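In: can you look at this prediction? I've put the sequence above it.
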Amino acid sequence: MENFTVWFTGLSGAGKSTLALKLERYLMEKDCNVQLLDGDIVREEIGSVFGYERTERIKMAKVLRLLAKLLNKKGITVIVAAIAPYEEIRQANRERLENYIEIFVECSIKNCIERDVKKLYQKAFRGEVENMIGVDDIYETPQNYDVKVNTSLESIEESFNKIKEYIEKILQRKGTT
């Protein structure tokens, strides 16, 4: 196996970015050429080009997928931390990205709200933010994930160990470990 793309999907506040950062550090320690694409950071950098409606979220996912594909072609393993709320997005990822690995970061909405440092859920409940996944827009539960973790029931370390175990098998096939 050459390079791969690991896509963390889940609600805002589920722990995608935290786990993605841990995976990035782990892969760097294994001397992998790796790049993390955090959906929030990419969105921040490109400004208000894309909104939060379904069609806009799909376009944003296409941008992340294209970046991952281009980086993979240059020999870089890519980690994406982005909600990817619709099965349509995740299926397109699986079809268009070689060596695609999907990590479903499950978390109760209650825990996501408790962890919400940006207070997006509160704003959504007050009507100040529209199209909030988990509030007034649906998160379609993944059916074809490669690894599922539940950060409501597991510590970050327990969740990461599940991911690491799966990735180690990939690296062994690749001949990196």
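Out: Yep, that arrived.
In: how long is stretch 147-166 from one end to the other?
Out: Terminal residues of stretch 147-166 are spaced 7 Å apart (CA to CA, to the nearest Å).
In: tell me the buried residues in that stretch?
Out: 147, 149-151, 154, 159-160, 162-164 (16 or more other CB atoms under 10 Å). (Glycine included, C-beta is placed from N, CA and C.)
In: now do the buried residues in the helix or strand where Glu44 lies.
Out: According to DSSP states H and E, Glu44 maps onto helix 39-46. The neighbour-count check on helix 39-46 (16+ other CB under 10 Å) flags 39, 42-43 as buried.
In: what does stretch 68-87 give?
Out: Buried residues in stretch 68-87, defined by neighbour count with 16+ other CB under 10 Å: 68, 71-72, 77-86.
In: between these, which is nearest Ile138?
Out: Pro85 (7.0 Å; CB to CB).
In: quick one: the helices in the protein?
Out: With DSSP state H applied, the chain shows helices at 16-29, 39-46, 54-73, 87-96, 109-115, 120-125, 156-174, listed in chain order.
In: so what touches the fourth one?
Out: Okay, so that is helix 87-96. Identification of contacts with helix 87-96 by CB atoms under 8 Å, 6 or more residues apart in numbering yields 5, 7, 9, 57-58, 61-62, 65, 69, 84, 100, 102, 140, 142-144.
In: let's see that with 7 Å instead.
Out: With CB atoms under 7 Å, 6 or more residues apart in numbering as the contact definition, helix 87-96 has outside contacts at 7, 9, 58, 61, 65, 69, 84, 100, 102, 140, 142, 144.
In: tell me the contacts of the nearest residue to the second one once chain neighbours are set aside?
Out: I take that to be Thr9. Distances taken as CB to CB, 6 or more residues apart in numbering put Ala84 closest to Thr9, at 4.3 Å, once the chain neighbours are dropped. By CB under 7 Å, 6+ apart, the residues touching Ala84 are 7, 9, 61, 90.
In: appreciated, that's everything.
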